[in-house]
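Asks: Got a sequence here, can you model it:
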Amino acid sequence: MGKPLFSLTLLASLTLASCSTILDNLPGIYTLDVQQGNMIDQSMIDQLRPNMSKRQVLYIMGSPMLTDAFHQNRWDYIYSNQPGGEPRMQKKVSLLFKDDQVIGVQGDFKPSSLPVIKESTETTVDLPPRELEKTLWEKITGLFGINADDVDSSTESSPVNSEPKINDSDTPMN
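Replies: Residues are numbered from 1 along each chain as shown. Okay, the predicted model is just below:
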């Protein structure tokens with residue numbers, strides 16, 4: 001009774017294992033691209049220079065993936081990418097600091113000795129000058145055919161908004 005149970009268990013486990021490899025390789029099955037860590041590319045590493053401050057490195061590289069409590073002067077950046085079920089590609093860069101300034105770079109990327117020439121992606125748009133002859137209130141009242149001068153003169157003469165004027169001659173003297 002033990003021998004058939006063992007062979008049945010072995011057959012079931014082989015069948016399940018083969019299903020997973022068959023399902024992974026079927027055409028038309030979508031698998032997600034898995035990206036983890038800090039995205040690192042050569043242009044980011046090329047911008048790093050000796051004696052840069054930690055703040056400047058944060059601006060270029062972002063915050064480090066790993067900071068070790070025992071090695072406070074070392075920042076580790078790790079990027080892992082697994083596109084569509086293919087084998088995982090992993091890249092590492094370690095930055096070494098002394099007195100809060102970069103003294104070294106270790107890892108899969110090496111900084112370039114050439115000067116950094118980064119083209120600007122910003123564009124300038126020229127806008128036509130605005131008409132500042134009319135205020136917003138004048139434009140709104142103009143839509144209803146009301147002249148703004150008529151509205152101003154009517155509010156000045158209305159008794160609700162007017163306060164009595166006091167002359168020095170009207171006040172009694174003590």
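Asks: Now do the closest residue to residue 54 other than its chain neighbours against residue 128, distance only.
Replies: Leaving aside its chain neighbours, residue 54 sits nearest to residue 100 (5.1 Å; criterion: CB to CB, 6 or more residues apart in numbering). For glycine as for every other residue, the C-beta is placed from the backbone atoms N, C-alpha and C. Using CB to CB, to the nearest Å, one gets 49 Å for the distance from residue 100 to residue 128.
Asks: ok, now residue 136?
Replies: On the measure of CB to CB, residue 136 and residue 128 end up 19 Å apart.
Asks: how would you label residue 110: helix, strand or coil?
Replies: Under DSSP: H, G, I helix; E, B strand; the rest coil, the three-state class of residue 110 is coil.
Asks: which stretches of this protein have low pLDDT?
Replies: The chain contains residues with pLDDT under 70 at 1-2, 14, 16-26, 116-118, 131, 147-174.
Asks: Would you point out which residue is most central in it?
Replies: In the chain, the C-alpha nearest the mean C-alpha coordinate belongs to residue 62, at 10.6 Å (CA atoms, centre = their mean).
Asks: How much space separates the spatially closest residue to that one that is not a sequence neighbour from residue 45?
Replies: Spatial nearest neighbour of residue 62, excluding adjacent residues (CB to CB, 6+ apart): residue 38 at 5.4 Å. To residue 45, residue 38 is 12 Å away according to CB to CB.
Asks: quick revisit: okay, residue 100 and residue 128: which has more neighbours?
Replies: residue 100 (11 against 5; other CB atoms under 10 Å).
Asks: Backbone dihedrals for that one, please?
Replies: Backbone torsions of residue 100, given as degrees, to the nearest 10, read phi 60, psi 30.
Asks: okay but it is in contact with residue 57, surely?
Replies: No - checked against CB atoms under 8 Å, the pair residue 100 and residue 57 is beyond contact range at 9.7 Å.
Asks: re the thing from before, ok, the residue nearest to residue 62 touching residue 79?
Replies: Yes - counting by CB under 8 Å, residue 79 is a contact partner of residue 38 at 5.8 Å.
Asks: in stretch 140-148, what counts as buried?
Replies: residue 141 (16 or more other CB atoms under 10 Å).
Asks: for stretch 37-52, same thing?
Replies: If you call a residue buried by 16+ other CB under 10 Å, then stretch 37-52 has these buried ones: 37, 38, 40, 44, 45, 46, 47, 48, 52.
Asks: so of the residues you listed, which ones are in strands?
Replies: residue 37 (DSSP state E).
Asks: Among the buried residues of stretch 37-52, give me the pair with the biggest separation.
Replies: 37 and 52 (21.4 Å; CB to CB).
Asks: Enumerate every residue touching residue 33.
Replies: 81, 82, 83, 84 (CB atoms under 8 Å, 6 or more residues apart in numbering).
Asks: Thank you kindly, that will do.
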